[in-house]
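Enquirer: Okay, here's the prediction I keep looking at, along with the sequence it came from:
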Amino acid sequence: MAQRLALQRLLSLPARGPLASHGRAFGTSAGRRSTFNVQDGSDFQDRVVNNPKPVVVDFHAQWCGPCKILGPRLEKLVAKLEGKVLMAKVDIDDHTDLAIEYEVSAVPTVLAMKNGDVVDKFVGIKDEDQLEAFLKKLIGA
C-alpha cells in the first residue's frame, strides 16, 4: 500500500529537466530525420520532386528479401551524410502509381533525384562501397 501511494505521488509530480518539454524520453537520430516514408502522391511531390536537396528514392516491398538488406544499409549511409541528401522510402504495393510512373519493374530500385529529375538509378542490391559512390556522385562530393 505504501509503495502504491509513493508511486502515485511520483506520477503526479510535474516533469522536470531537459526532456520535460519534449514529452518523451528519447530523441530521433539524424538517420530518422533524413529518411521518410512516402504517404501518397502529393507527399512524394512535396517532399521529393519539389525538394531543393538531392533525394534518394528507395522503391521496395515488404516481401522482398534484398530490400530488407539494402534499405538499412542505404539508410545508414544517408544518415552519415548529415542532411546533405534525403531518403524517401516508397512501398510499391502501397504506391503502385508511383512505381508505374517511375518505371519500376523490379525491387529494390533506387533513384537519385535532383530538382525533381532522375539523375541516376540502380536495380538490385549493392555493397556499401558502391552505395557510398552512388551517394557521393549525387551530392557532387
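Expert: Great, that's in hand. Numbers count the residues shown, from 1 in each chain.
Enquirer: which parts of the longest helix seen in the chain are buried?
Expert: Longest helix in the chain by number of residues, with DSSP state H as the criterion: helix 65-80. Going by neighbour count (16 or more other Cβ atoms under 10 Å), the buried part of helix 65-80 is 67, 70-71, 74-75, 77-79. (Each C-beta comes from the backbone N, C-alpha and C, glycine too.)
Enquirer: same deal with stretch 34-47?
Expert: 34-35, 38, 44.
Enquirer: residues making contact with the helix or strand where Leu135 lies?
Expert: When elements are assigned from DSSP states H and E, Leu135 belongs to helix 128-139. With contact meaning Cβ atoms under 8 Å, 6 or more residues apart in numbering, helix 128-139 is reached by 54, 56, 73-74, 77-78, 81, 84-85, 110, 112, 114, 119-120, 122, 126.
Enquirer: Greatest separation within those residues: which pair is it?
Expert: Arg73 and Lys114 (21.8 Å; Cβ to Cβ).
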